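# structure of the sequence below:
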Amino acid sequence: MNNVKNLIENERHLPYFLRDFHDQKDLFKALHGSWGDCKNGQKEQDEQGKWVSKTIPWVDGHIYTIDHFLRFMAYHGYTLQQCRAKVDFHDIHVTIKEIQDRPMKAWLEKKEKEMAKLTAEKDQAVKDSDYERACELRDKVETMRNQKPSIRDL
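Here you go, the predicted model:
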């Protein structure tokens, strides 16, 4: 039994990429964030408009799965491992990165729309010979182009 305890304490029962706490956290946040991709299930939109599980916070899923379920299964000789079937699976690291990038993409799309609107207003101001307004709008667009998102924007 000492060998089993040693295996679990050293987290060798987990796939290599899940042995680091921060990688585990990224996976469970991505899993939680992928909830909106599901067709059914209890889900709701959070403050940023992302679809998330209504019933299971990502932290609870993380703790239960890593600290309880997978340890329990390892104690009984079962481990989580990648399927060896010759199928074109999605790369989990790519999926996690795509889900992490969703807030930034949404912010950039919103910013692009705002800049396009201001640019159209600037062009109209030039047509109307309102050069002062056109300069103000040009400066706003330039400021937006150089702006970096704050944590509140994402």
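# for stretch 66-74, measure first residue to last.
Start-to-end span of stretch 66-74 (CA to CA, to the nearest Å) is 11 Å.
# those strands in this protein, which residues are they?
Applying DSSP state E to the chain gives strands spanning 43-45, 51-53.
# which residues of this protein score low on pLDDT?
1-2, 33-55, 150-154 (pLDDT under 70).
# try 80 this time
1-2, 31-58, 103, 148-154 (pLDDT under 80).
# ok, Trp107 touching Pro149?
Yes. When contacts are counted by CB atoms under 8 Å, Trp107 is listed as touching Pro149 (5.0 Å). For every residue, glycine as well, the C-beta is placed using N, CA and C.
# centroid-wise, who is the farthest residue in this protein?
Ser129 (45.7 Å; CA atoms, centre = their mean).
# can you give me phi and psi for that residue?
phi 60, psi 30 (degrees, to the nearest 10).
# distance of it relative to Val141?
In this view, Ser129 and Val141 are 19 Å apart by CB to CB, to the nearest Å.
# over to Ile56?
43 Å.
# try Val126
13 Å.
# hey, which helix is longest across this structure?
The longest helix of the chain (DSSP state H) is helix 92-127.
# buried set for that helix?
Neighbour counts over helix 92-127 (16 or more other CB atoms under 10 Å) mark 96, 99, 102-103, 115, 118, 121-122, 125 as buried.
# which of those residues sit farthest apart?
Ile96 and Ala125 (44.9 Å; CB to CB).
# assess the claim that His62 and Ala30 are in contact.
No. The criterion here is CB under 8 Å, and His62 misses it with Ala30 at 11.1 Å.
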